[in-house]
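# quick one: sequence and predicted model below, then my questions.
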Amino acid sequence: MSLSVQAAPAKVNLALHVTRRREDGYHDLESLVVFADVADDLEAMPARADTLVITGPFAKALGNGDNLITRAVAAFRAQWPGAVEQPLAMTLRKNLPVAAGIGGGSADAAAALRLMAGLSTVAIPLLELSALALRLGADVPACLLSVPLVARGVGEILAPLPEFPTLHIVLVNPLVPVATADIFRRLRAHDNYPLPALPSPLTRPAQLGIWLAETRNDLQPPAVKIVPVIGDLIELLGQTQGCILARMSGSGATVFGLFGSSGQAHQAAQELRRAHPEYWVAAAPIMVP
């Protein structure tokens, strides 16, 4: 019997503005982030030593070498020695495509941290766990929370949203990996204006749609130049009945469409699967607190 199971849901950047290139070479961002109820799954069993096996449809793309999960577990054990004495045999079912702009690796690392904290014999303060998450990667603290939020800085300044409208999302990826570094190298403007103020309370899909129309993903234009099919998918999904907005998530190549109902989202996903059976397509609700 497993000791613990944790989901690692897909992270979606509904809007992403690049506001400053920092002296350390990184970029300050402002992003509205949500999480879709489609995920990798991480399971832990008692064992004689910490191990990780990767299964699932995208296991081959990830490989079985060192990754963020093993680094997260090692970092947790180093920071809280003895908090989880039992060695763990972990199995990651890799359901999400790799290098897809939906935070798969970061979500997996966050799931590992939540798993370890849940097994700990001592209380693990969330602030300390978040600080450890940031050392693993800029997106890991947001994935640790997996709720709608605004992320600023390199991703470490998080403002969870107290309310969020009920929405459904369709994700489609042409299974073409896109390197984030290549996107930033092609980015023309590094000092774009920040996100506009969100409506408060944010409870209706129409409110969010109006707000999103005033925003962008600054990484989308360079990504489309590298992988033109991203632009084709945005146009295709945007023309689907009921689609509030179609845009690229993160640094690509996943494209999302927002819908007000589950039926509209699943219908759009079915149409995409029929048109492009070779692509990865998922439809799911957006996770809310």
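Great, that's in hand.

# where does the stretch 1-150 of the chain dip in pLDDT?
1-2, 23-25, 63-66 (pLDDT under 70).

# ranges for the strands of it?
4-21, 27-46, 51-55, 88-93, 149-153 (DSSP state E, counting those that start in this stretch).

# quick one: which of the ones you listed is nearest Ile286?
strand 27-46 (4.9 Å; Cβ to Cβ). All C-beta atoms are positioned from the backbone trio N, CA, C, and that covers glycine.

# now the closest one against strand 4-21, angle please.
170 degrees (axes from the mean of the first three to the mean of the last three Cα atoms, to 10 degrees).

# and strand 27-46, what's buried?
For strand 27-46, a neighbour-count test (16 or more other Cβ atoms under 10 Å) marks 27-44 as buried.

# give me the beta-bridge partners of Glu43?
Val5, Thr91 (DSSP bridges).

# same check, this time on the one 10 residues further on
Using DSSP bridges, the bridge partners assigned to Val53 are Thr91.

# please report how far it lies from Val84.
Counting by Cβ to Cβ, to the nearest Å, the gap from Val53 to Val84 is 19 Å.

# the two: which is more packed in?
Per other Cβ atoms under 10 Å, whichever of Val53 and Val84 has more neighbours is Val84, with 24 against 12.

# domain parsing for this structure?
Annotated domains of the chain cover 4-159, 161-285 [automatic domain parsing].

# gap between the two ends of the longest one?
The reference is to domain 4-159. Terminal residues of domain 4-159 are spaced 28 Å apart (Cα to Cα, to the nearest Å).

# before we move on, what about stretch 161-180?
27 Å.

# how about stretch 282-289?
Start-to-end, stretch 282-289 (Cα to Cα) is 21 Å.

# over to stretch 236-243?
For stretch 236-243, the end-to-end distance is 10 Å (Cα to Cα).

# can you give me the buried ones in that stretch?
For stretch 236-243, by 16+ other Cβ under 10 Å, it's Leu236, Leu237, Thr240, Cys243.

# which other residues reach it?
170, 172, 245-246, 255-261, 264-265, 267-268, 271-272, 275 (Cβ atoms under 8 Å, 6 or more residues apart in numbering).

# Arg20 against Arg152, yeah?
No. Arg20 lies out of contact with Arg152 (Cβ atoms under 8 Å); the separation is 10.6 Å.

# these two: which has the busier surroundings?
Neighbours per residue (other Cβ under 10 Å) separate Arg20 from Arg152, with Arg152 holding more: 18 against 15.
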